[in-house]
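return a 3D structure for these sequence lines:
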Amino acid sequence: MTTDHKPENWFHEAGSDHCPHGAEPDRSGDDWDTWAEHHAGSPQGIFICLEAPIGPCCPVCSEEFDEPVSWEHCTQRATDAATPAAAEEPGR
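Numbering: from 1, shown residues only. Presented below is the predicted three-dimensional model:
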């Protein structure tokens, strides 16, 4: 379990409607090698399709809500609190 609210690139599940490769084939069949080139395992224990990005998501919020939460909607997203330094007047 991660505790850092930070953006991570997430992908749709392999075999989902977003995956152009279809369902996972039989691992002993000829199609497995070709299918496996376009998919990878994820920390959540599922295969993801590397050609079906969701975009940047917050892993902590996603785990909390049990669905991908975009970085834009992270509940703890750090905002840029830095303010530009005040320009000094010449001659001061």
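
Provide the secondary structure category for residue 33.
helix (DSSP: H, G, I helix; E, B strand; the rest coil).

burial of it, as a residue count?
By other Cβ atoms under 10 Å, 10 other residues sit near residue 33. Where you see a C-beta, it was placed from the backbone N, CA and C, and this is true even at glycine.

if I look at it, how far off is residue 27?
10 Å (Cβ to Cβ, to the nearest Å).

how about the strands in this protein?
Along the chain, the stretches classed as strands by DSSP state E are 8-13, 39-41, 47-57.

and the first one, average pLDDT?
Averaging pLDDT along strand 8-13 yields 95.

begin at 626 from here
Sure, I'll start counting at 626 from here, so that last one is strand 633-638.

low-confidence ranges in the chain?
Along the chain, the model assigns pLDDT under 70 to residues 626-627, 703-717.

quick check: buried residues in stretch 639-652?
639-640, 644, 646, 650 (16 or more other Cβ atoms under 10 Å).

swap that for stretch 657-677, please
660, 663-664, 672-674, 677.

returning to what we had before: who touches both of residue 658 and residue 652?
Here residue 658 and residue 652 have no joint contacts, going by Cβ atoms under 8 Å, 6 or more residues apart in numbering.
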